[in-house]
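Trainee: test case, fold it:
(2 chains)
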There are 2 protein chains.
Amino acid sequence: MPARMSGEDAMNPVLAVGSVAFDTIKNPFGEATRVVGGSATYFSLAASFFTEVRLVAVVGEDFAERGGHVFAGRPIDLGGLQTVPGETFRWKGEYGFDLNARETIYTKLNVFEDFRPVIPQTYRSSPFVFLGNIHPRLQLEVLEQVQGPRLVAADTMNYWIEGTPDELREVLKRIDILIINDSEARELSRQSNLVKAARVIRSLGPCTVVIKRGENGVLMTCAGEGEFFAAPAMPLEEVFDPTGAGDTFAGGFVGSLAASNIIDEAALARAIIYGSTLASFTVEDFSVDRLLRLTKEEVRERFRYFKRLTHFEEA
Amino acid sequence: MPARMSGEDAMNPVLAVGSVAFDTIKNPFGEATRVVGGSATYFSLAASFFTEVRLVAVVGEDFAERGGHVFAGRPIDLGGLQTVPGETFRWKGEYGFDLNARETIYTKLNVFEDFRPVIPQTYRSSPFVFLGNIHPRLQLEVLEQVQGPRLVAADTMNYWIEGTPDELREVLKRIDILIINDSEARELSRQSNLVKAARVIRSLGPCTVVIKRGENGVLMTCAGEGEFFAAPAMPLEEVFDPTGAGDTFAGGFVGSLAASNIIDEAALARAIIYGSTLASFTVEDFSVDRLLRLTKEEVRERFRYFKRLTHFEEA
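Mentor: Residues are numbered from 1 along each chain as shown, chains lettered A, B, ... in the order given. Predicted coordinates for the structure are as follows:
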């Protein structure tokens, strides 16, 4: 990642590639059936608070009626959202009283099974690219279509770490930032200590590694002499539904970076807090419902609360 | 706790009551036999970086030879350290590769079994009091001997939460700050959510609740409209021996407060960071070895690193 990035564009659009889905979620507080989900959905909505998003994903013909509304009225360009015959990706999950553990009841890939990301011509020069948690081969296909992006961030998961390690290694060589869960960071690096894990992952390619630790916050290491940045999670009294929290975090993080004129350690730290702020709203309701009601003023207010929560001064 | 505290005394001594022990510790990196341990030992050494400590504890006749050196040359008054016939409290613990889980091999209370805290006359007006993790009845006995302290902080554990709940409730009514582990906070409050747990514990008496979360940092709530302060743990590549980390944290926390002219939310936040800073050193070696080698300059440096680790600014 360049140490300095020119801020000539008032808006640096983010190209986001990933899944759009219908989720059915059951938890101790209730059930939501066939609500809008998918990693790219949460990502795009969160990033759209900061910049323009160009969404590349696939949905079935059943999407428009139940899901079309979620992107409306926001700076989210749907020119790359393919609608194809068949049903949209569906996922059903169930949470017990420990909202950190969830069980997948089913995953029906449907139209997502044959998804090949086709980047519209007008998107190819997007300065910021986010590769959602899809097959590393598809992530590489995206990178082959874009033209010299300034910053590429990616997500991945245990399924690809175990199943397609060689292709994942290729992706890692070509990205600037990896955003990953703590358990996945441990698995990818084969290190139980997260400081060591971050260092190993950096040696595989990404200059910046962001480790999501759920209710334990976020740990980031970036270029420089092994400097870290750490944020606690927002202390929340009620977590209603954690689905999409990690994707929302990524959207707030990358969106905030895209809105920064200079990308330095201060911008990365601020982006971690914006990501955490957005994620803390997502968990307050099912699906993207809280994000749809969210205002920029609420985001600013909670960002400031995060500052009071974590800042201190020498005597 | 008074919102403002006069800073007339250049030094506000801390009266610390707790255990001094010999520990035998085995972990994957080695073994340390009959080294100095005990909650009041770690507490006093950590607090002595900030202020004068008045230690009330009991040791056997075997202590002086192997343990006498640890307090030497520091502002730790040993006038309340009773030496009685018999052996010093001994504890043996074993850690596996997961340093968060330890097994107690034995606990030999020895002279600690009949310990009754006798507060020397000159200690009774100590402005700061720390009640280490001992029987709540003994903690109450200490409070009956002191004269109007400005601030009382206490620790406790599951053993007293389960075994002596009524006496513990009496203690909670009479202290300003409870410093407690996350699992103990959950047990004491019967709330799995730590935000709710902190609120329930505050309703039992202490105005400020500090929840130690080990490698996940610290969460504090204090007077005011339910405001929280949260700190991540220092990202450490190597944790050698976590024994005493919590007691060291408490010592750095209370010691830093005692050295503050005004005790407000800023002083409490700073104290959390000093506690975390001191604890991050303790885990680098067996026993109090790292604390004995530690310099004030190292403490200041790591405090500043903590700031770089956690601070961010709005764009």
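
Trainee: look up how far A:Leu168 lies from A:Asn158.
Mentor: To A:Leu168, A:Asn158 is 11 Å away according to C-beta to C-beta, to the nearest Å. Yep, even glycine has a C-beta here, placed from its N, CA and C like the rest.

Trainee: out of the two, which sits in the busier spot?
Mentor: A:Leu168 (23 against 13; other C-beta atoms under 10 Å in any protein chain shown).

Trainee: neighbours of the nearest residue to the more buried one once chain neighbours are set aside, how many?
Mentor: Excluding the flanking residues, the one nearest A:Leu168 by C-beta to C-beta, 6 or more residues apart in numbering or on different chains is A:Pro136, at 4.5 Å. Number of residues near A:Pro136 (other C-beta under 10 Å) recorded here: 23.

Trainee: was I right about A:Pro136 contacting A:Thr156?
Mentor: Yes. Between A:Pro136 and A:Thr156 there is a contact under C-beta atoms under 8 Å: 7.1 Å.

Trainee: A:Ser276 in helix, strand or coil?
Mentor: Secondary structure assignment for A:Ser276 (DSSP: H, G, I helix; E, B strand; the rest coil): helix.

Trainee: for it, which non-adjacent residue is closest in space?
Mentor: For A:Ser276, ignoring the flanking residues on the chain, the nearest one in space by C-beta to C-beta, 6+ apart is A:Ala231 at 5.6 Å.

Trainee: could you report the separation of the one you found from B:Ile180?
Mentor: Using C-beta to C-beta, A:Ala231 is found at 23 Å from B:Ile180.

Trainee: what about the strands in chain A?
Mentor: A:14-17, A:21-27, A:30-37, A:53-60, A:76-84, A:89-95, A:102-108, A:128-131, A:151-155, A:177-181, A:208-212, A:218-221, A:228-231 (DSSP state E).

Trainee: direction included, what does the fifth one pair up with?
Mentor: In this case it means strand A:76-84. The strands beside strand A:76-84 in its sheet (DSSP bridges) come out as strand A:53-60 (parallel).

Trainee: tabulate the CA atom coordinates of the partner strand in CSV.
Mentor: Extracted in CSV, the C-alpha atoms of strand A:53-60 (Å, rounded to 0.1, in the frame of the first residue of the first chain):
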residue,chain,number,x,y,z
VAL,A,53,-19.8,1.3,-3.7
ARG,A,54,-19.8,-0.8,-6.9
LEU,A,55,-21.3,-4.1,-6.1
VAL,A,56,-20.5,-7.2,-8.1
ALA,A,57,-22.5,-10.3,-7.1
VAL,A,58,-25.2,-12.6,-8.4
VAL,A,59,-28.8,-13.1,-7.3
GLY,A,60,-31.7,-15.2,-8.6
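
Trainee: what's the angle from that strand to strand A:30-37?
Mentor: 110 degrees (axes from the mean of the first three to the mean of the last three C-alpha atoms, to 10 degrees).

Trainee: so how far is strand A:53-60 off the chain centroid?
Mentor: On the basis of C-alpha atoms, centre = their mean, to the nearest Å, strand A:53-60 is displaced by 14 Å from the centre of the chain it belongs to.

Trainee: next: stretch A:106-119.
Mentor: 18 Å.

Trainee: rounded mean pLDDT for it, please.
Mentor: Mean pLDDT, stretch A:106-119: 95.

Trainee: ok, residues contacting that stretch?
Mentor: Contact partners of stretch A:106-119, identified using C-beta atoms under 8 Å, 6 or more residues apart in numbering or on different chains, comprise A:15, A:17, A:19, A:21, A:56-60, A:80, A:82, A:84-92, A:134, A:138, A:141-142, A:145-146.

Trainee: and the residues you listed, which are buried?
Mentor: By neighbour count, with 16 or more other C-beta atoms under 10 Å in any protein chain shown, the contacts of stretch A:106-119 hold A:15, A:17, A:19, A:21, A:56-60, A:80, A:87-92, A:134, A:138, A:141-142, A:145-146 as buried.

Trainee: return the distance of A:Leu25 relative to A:Val209.
Mentor: To be clear, residue A:25 is Ile; Leu isn't right here. 30 Å.

Trainee: so which of these two has more stuff around it?
Mentor: Neighbour count, other C-beta under 10 Å: between A:Ile25 and A:Val209, A:Val209 has more, with 26 against 23.

Trainee: so what pairs up with that one in the strands?
Mentor: With DSSP bridges as the rule, A:Val209 is bridged to A:Leu178, A:Thr221.

Trainee: pretty sure it sits against A:Val218.
Mentor: No. A:Val209 is beyond contact range of A:Val218, at 10.9 Å (criterion: C-beta under 8 Å).

Trainee: list residues touching both of A:Pro136 and A:Thr156?
Mentor: A:Leu168, A:Val171.

Trainee: next, the contact list for A:Val209, please.
Mentor: A:Val209 touches A:Ile177, A:Leu178, A:Ile180, A:Ala185, A:Ala198, A:Ile201, A:Arg202, A:Met220, A:Thr221, A:Cys222, counting by C-beta under 8 Å, 6+ apart.

Trainee: next one: it from B:Ala245, what distance?
Mentor: A:Val209 is 26 Å from B:Ala245, by C-beta to C-beta.

Trainee: next one: A:Leu151
Mentor: 38 Å.

Trainee: for A:Phe49, same thing?
Mentor: 39 Å.

Trainee: residues in contact with A:Asp155?
Mentor: A:Asp155 touches A:Gly18, A:Ser39, A:Phe130, A:Leu131, A:Gly132, A:Asn133, A:Leu178, A:Ile179, A:Ile180, A:Gly246, A:Asp247, A:Ala250, counting by C-beta under 8 Å, 6+ apart.

Trainee: returning to what we had before: A:Ala231 and B:Ile180: which is more packed in?
Mentor: B:Ile180 (29 against 25).

Trainee: tell me the predicted confidence for that one.
Mentor: According to the model, B:Ile180 scores 96 on pLDDT.

Trainee: swap in the one 4 residues further on?
Mentor: The predicted structure scores B:Glu184 at 95 on the pLDDT scale.

Trainee: what of the one 3 residues further on?
Mentor: What the model reports for B:Glu187 is a pLDDT of 95.

Trainee: from what I see, it and B:Met157 are in contact.
Mentor: No. If you go by C-beta under 8 Å, B:Glu187 and B:Met157 don't touch, sitting 9.5 Å apart.

Trainee: and A:Arg186, what does it touch?
Mentor: A:Ser192, A:Leu194, A:Ala197.

Trainee: try it again with 10 Å
Mentor: Taking C-beta atoms under 10 Å, 6 or more residues apart in numbering or on different chains, we find A:Arg186 in contact with A:Ile180, A:Ser192, A:Asn193, A:Leu194, A:Lys196, A:Ala197, A:Ile211.

Trainee: now the third one: how far from chain B?
Mentor: With distances defined as C-beta to the nearest C-beta, to the nearest Å, the gap from A:Asn193 to chain B amounts to 6 Å.

Trainee: go ahead and confirm that residue touches A:Leu219.
Mentor: No. Between A:Asn193 and A:Leu219 there is no contact under C-beta atoms under 10 Å: 11.2 Å.

Trainee: now for those two: what residues contact both?
Mentor: With C-beta under 10 Å, 6+ apart, A:Asn193 and A:Leu219 have common neighbours B:Pro235.

Trainee: please say which of these two ends up with more neighbours.
Mentor: Using other C-beta under 10 Å as the criterion, A:Asn193 and A:Leu219 rank with A:Leu219 on top: 25 against 18.

Trainee: and the more buried one, what does it touch?
Mentor: Contacts of A:Leu219 (C-beta under 10 Å, 6+ apart): A:182, A:185, A:194-195, A:197-198, A:209-213, A:228-231, A:272, B:232-233, B:235, B:309.

Trainee: that older thread, reformat the strands of chain A as CSV; add distance to A:Leu278.
Mentor: Shown next, in CSV, are these (distance: least, C-beta to C-beta, whole Å):
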stretch, distance to A:Leu278
strand A:14-17, 14
strand A:21-27, 18
strand A:30-37, 16
strand A:53-60, 13
strand A:76-84, 15
strand A:89-95, 20
strand A:102-108, 20
strand A:128-131, 14
strand A:151-155, 15
strand A:177-181, 13
strand A:208-212, 13
strand A:218-221, 12
strand A:228-231, 13
